[in-house]
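Undergrad: okay, structure incoming, though there's no sequence with it:
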Ligand SMILES: Cc1cc2nc3c(=O)[nH]c(=O)nc-3n(C[C@H](O)[C@H](O)[C@H](O)COP(=O)(O)O)c2cc1C
Ligand code: SF4
Ligand code: FES
């Protein structure tokens, strides 16, 4: 599918276009819709956004490239961003991050062979009092330890094995 | 008493009816019955200073907005990306209506057409929560046309960033909101001036915590606020405590509270009983590090007292480190942050942070020399004051001040008796 003409996105596209003084301001929210649809910000999505906003695709691409939350390549179904910034690192985040990569058998930034998990380390996520922590697809998962993390991985694997709902 | 983290005292204050029952929108109502200029005077009298880091007097900032301009905006800085900062998140999650009420008070005071709340992208769920709040407020006549029957119209919107610390810098934030690269602008013109703000219109940019104070000030009066804290630092502040304490978390305290009261009485003292505190970064990665001596511990956490001990209170993200921590490693961690977050627009910042990171890695690997330590201190000194935005200065701080206060931590890696220092 696409985001243009896709009924799933029409209300949101209109909402974002109405929100700002200029069309161009809607570039960031529309890039999030692209990521939702394709799983990453691909060339087709960039061209769609450029079309909606009357921008050049290279301009849209440079915006997407500037920010770390727009993914320039496909990620695992669960994109795990572990904070290893100073406050978390003072409470074991570097060790936790190393352990998690080991547990999943991936390198930094890598995705598991089954396509489920991508592991990356990131800077402070405003949860330093709940270290170690991560964001999974931009949702907070906090106060982690090995046991809790193993349970979560099992839960996500199970969830992924379910046939997609409606 | 909590002015900001009221979610700690009042259950469900994140629900509109509960918020209303506890004085919610009384401050806005009172403001709408006053002239815009009177609201600004009240804010000035309160002594409130910006909680985003720089501590600029809020009422004075509002008074810079040219009243005759037809189009004006308020932009709420909810980018909260400074290492160690997690206060705006709790305010928004647990007491969201108070932030929106505060934003509307600001909007009325400068007669803004709209408020944009710029959230860091990782606050995805908070953005959705705030959108719901705004919708409820619209239905009850607090947002949109003819707010509370006053004849004043104002819209409130959220906007999500996408992972870039630099977008917390106000001019970069405005560029990002306009759909340009989130890089700082050359100033003047400043955001408060025509030509410098959002869509080139005069704009107030205020931090979440700053604005969340406004309903109290307008409801209870400037004097009630000014009575809290110190001479130059009125009110409460939310202090974010992280690192080697027993109870990390947010603590809202009057600004005359000392570091000792915060770190021992509130946060429970050192995480490990057999290890003493060594140092703290009182303003996240950006401010100067200070050793946790008795003198420092007995210092009130105000703008003026922190300046006296050679640091800043800034956003009050207090990262505590005990005696097991190697300050060379701290310098490395913080430098990696700035190397990653430099927007690349100016050479001293882009090249400086890259180079500092490489040399500190070498020092940590045991391949550095005493000259390397001197060299990184020089590079850091040269970065200060030479860049378009303050990130360049922030990035220099951890190097300059860790070497100054803890020369031996560097010396041990380069096989020298002492790496320099004073
Ligand atoms: C590199 C950099 C990052 C900043 N990040 C933030 C931030 O995340 N949140 C914030 O409120 N202010 C941040 N600031 C400060 C803002 O530029 C601005 O001073 C502040 O939003 C003004 O609001 P206040 O007067 O209410 O403090 C940052 C400044 C710089 C130079
Ligand atoms: S100092 Fe650094 S972050 Fe600021 S504008 Fe220059 S390159 Fe960008
Ligand atoms: S350092 Fe990890 S959330 Fe702040």
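TA: Good, I have the coordinates. Everything numeric here is computed off the predicted structure, so don't read it as measured data. Numbers count the residues shown, from 1 in each chain, chains lettered A, B, ... in the order given. Ligands and ions are numbered 1, 2, ... in the order given.
Undergrad: show me where chain A has strands.
TA: Ranges of strands within chain A are A:78-83, A:117-122, A:134-136, A:139-141, based on DSSP state E.
Undergrad: so who does the residue nearest in space to the middle of chain A touch?
TA: The centroid of chain A falls nearest to residue A:137 when counting by C-alpha atoms, centre = their mean (4.6 Å). By C-beta atoms under 8 Å, 6 or more residues apart in numbering or on different chains, residue A:137 lies in contact with A:78-79. Where C-beta positions appear, they are placed from N, C-alpha and C, glycine not excepted.
Undergrad: distance of residue B:125 from residue B:96?
TA: Distance, residue B:125 to residue B:96, by C-beta to C-beta, to the nearest Å: 12 Å.
Undergrad: ok, those two, which is more surrounded?
TA: residue B:96 (24 against 12; other C-beta atoms under 10 Å in any protein chain shown).
Undergrad: so the spatially most central residue of chain B: helix, strand or coil?
TA: Centrality entry for chain B: nearest residue to the mean C-alpha point is residue B:52, 2.8 Å, by C-alpha atoms, centre = their mean. Classification of residue B:52 using DSSP: H, G, I helix; E, B strand; the rest coil returns coil.
Undergrad: what about the closest residue to it other than its chain neighbours, how many residues close to it?
TA: With sequence-adjacent residues excluded and distances taken as C-beta to C-beta, 6 or more residues apart in numbering or on different chains, residue B:52 is closest to residue B:207, at 3.2 Å. For residue B:207, the tally of surrounding residues (other C-beta under 10 Å) stands at 24.
Undergrad: report the beta-bridge partners for residue B:207.
TA: Listed by DSSP bridges, the beta-bridge partners for residue B:207 are residue B:77.
Undergrad: surely it meets residue B:91?
TA: No. Assessed by C-beta atoms under 8 Å, residue B:207 is found out of contact with residue B:91, at 10.0 Å.
Undergrad: what sits against the residue of chain A found nearest ligand 2?
TA: Residue nearest to ligand 2 within chain A (C-beta to the nearest ligand atom): residue A:66, separated by 11.6 Å. Residue A:66 is in contact with B:164, B:181-182, counting by C-beta under 8 Å, 6+ apart.
Undergrad: any idea what the nearest residue to residue B:267 once chain neighbours are set aside is bridged to?
TA: Here the nearest residue to residue B:267 in space, its sequence neighbours aside, is residue B:245; by C-beta to C-beta, 6+ apart that works out to 4.0 Å. Residue B:245 forms beta bridges with residue B:270, as assigned by DSSP bridges.
Undergrad: end-to-end on stretch B:361-381?
TA: One end of stretch B:361-381 sits 19 Å from the other (C-alpha to C-alpha, to the nearest Å).
Undergrad: what sits against residue 109?
TA: Using chain A here. Here residue A:109 is in contact with A:118-120 (C-beta under 8 Å, 6+ apart).
Undergrad: not what I meant, chain B
TA: Here residue B:109 is in contact with B:31, B:36, B:39-40, B:43, B:62 (C-beta under 8 Å, 6+ apart).
Undergrad: just residue B:86 next, same as before
TA: By C-beta under 8 Å, 6+ apart, the contact set of residue B:86 is A:126-129, B:80, B:240, B:242, B:250, B:317.
Undergrad: quick check: phi and psi on it?
TA: When read as degrees, to the nearest 10, the backbone of residue B:86 gives phi -150, psi 30.
Undergrad: what parts of the stretch 251-400 of chain B come near ligand 2?
TA: Contact residues, the stretch 251-400 of chain B versus ligand 2 (C-beta under 6 Å from any ligand atom): B:342-346, B:349-350, B:387-389, B:391-392.
Undergrad: which parts of chain A sit against chain B?
TA: Residues of chain A lying near chain B by C-beta under 8 Å from any C-beta of the partner chain: A:19-22, A:24-29, A:31-32, A:53, A:62-63, A:66-70, A:85-87, A:89-91, A:122-129, A:131, A:135, A:138-140.
Undergrad: which of the three states applies to residue B:272?
TA: Counting by three-state DSSP, the backbone at residue B:272 sits in coil.
Undergrad: who's residue A:139 bridged to?
TA: Under DSSP bridges, the beta-bridge partners of residue A:139 are residue A:136.
Undergrad: distance check, it against residue A:78.
TA: Residue A:139 is 10 Å from residue A:78, by C-beta to C-beta.
Undergrad: same check on residue B:271?
TA: The gap separating residue B:271 from residue A:78 is 31 Å, by C-beta to C-beta.
Undergrad: and for residue B:285?
TA: Distance of residue B:285 to residue A:78, computed by C-beta to C-beta: 29 Å.
Undergrad: more neighbours: which of these two?
TA: Neighbour totals were compared for residue B:285 and residue A:78, and residue B:285 leads with 30 against 20 (other C-beta under 10 Å).
Undergrad: what residues are up against the more buried one?
TA: Contacts of residue B:285 were listed using C-beta under 8 Å, 6+ apart, and they are A:86, B:82-84, B:319, B:334, B:337-338, B:394, B:398.
Undergrad: for ligand 3, give me its nearest residue in the stretch 151-300 of chain B.
TA: Nearest to ligand 3 in the stretch 151-300 of chain B, going by C-beta to the nearest ligand atom, is residue B:242, at a distance of 6.7 Å.
Undergrad: excluding its backbone neighbours, what's nearest the residue of chain A positioned farthest from its centre?
TA: Centroid-distance maximum for chain A: residue A:21 at 27.8 Å, with C-alpha atoms, centre = their mean. Excluding the flanking residues, the one nearest residue A:21 by C-beta to C-beta, 6+ apart is residue B:199, at 4.8 Å.
Undergrad: would you say that neighbour is within a helix?
TA: Yes. Counting by three-state DSSP, residue B:199 is located in a helix.
Undergrad: any figure for the gap between the residue of chain A closest to ligand 2 and residue B:168?
TA: Per C-beta to C-beta, residue A:66 is found 15 Å from residue B:168.
Undergrad: residues near residue B:140, how many?
TA: Around residue B:140 there are 13 other residues, counting by other C-beta under 10 Å.
Undergrad: residue B:16 is in contact with that one, correct?
TA: Yes. With contacts counted by C-beta under 8 Å, residue B:140 reaches residue B:16, the gap being 7.1 Å.
Undergrad: just to revisit the earlier point, most tightly packed of the strands of chain A?
TA: Among the strands of chain A, ranked by average contacts under mean count of other C-beta atoms under 10 Å in any protein chain shown, first place goes to strand A:78-83 (a mean of 24).
Undergrad: do it and ligand 3 meet at all?
TA: Yes. Shown here: strand A:78-83 in contact with ligand 3 (C-beta under 6 Å from any ligand atom) through residue A:83.
Undergrad: do stretch B:373-390 and chain A meet?
TA: No. If you take C-beta under 8 Å from any C-beta as the test, stretch B:373-390 misses chain A, and the best it gets is 15.6 Å.
Undergrad: just how off-centre is that stretch within its chain?
TA: Distance of stretch B:373-390 from the chain centroid (C-alpha atoms, centre = their mean, to the nearest Å) equals 23 Å.
Undergrad: next: stretch B:67-79.
TA: Chain-centre distance of stretch B:67-79: 19 Å, with C-alpha atoms, centre = their mean.
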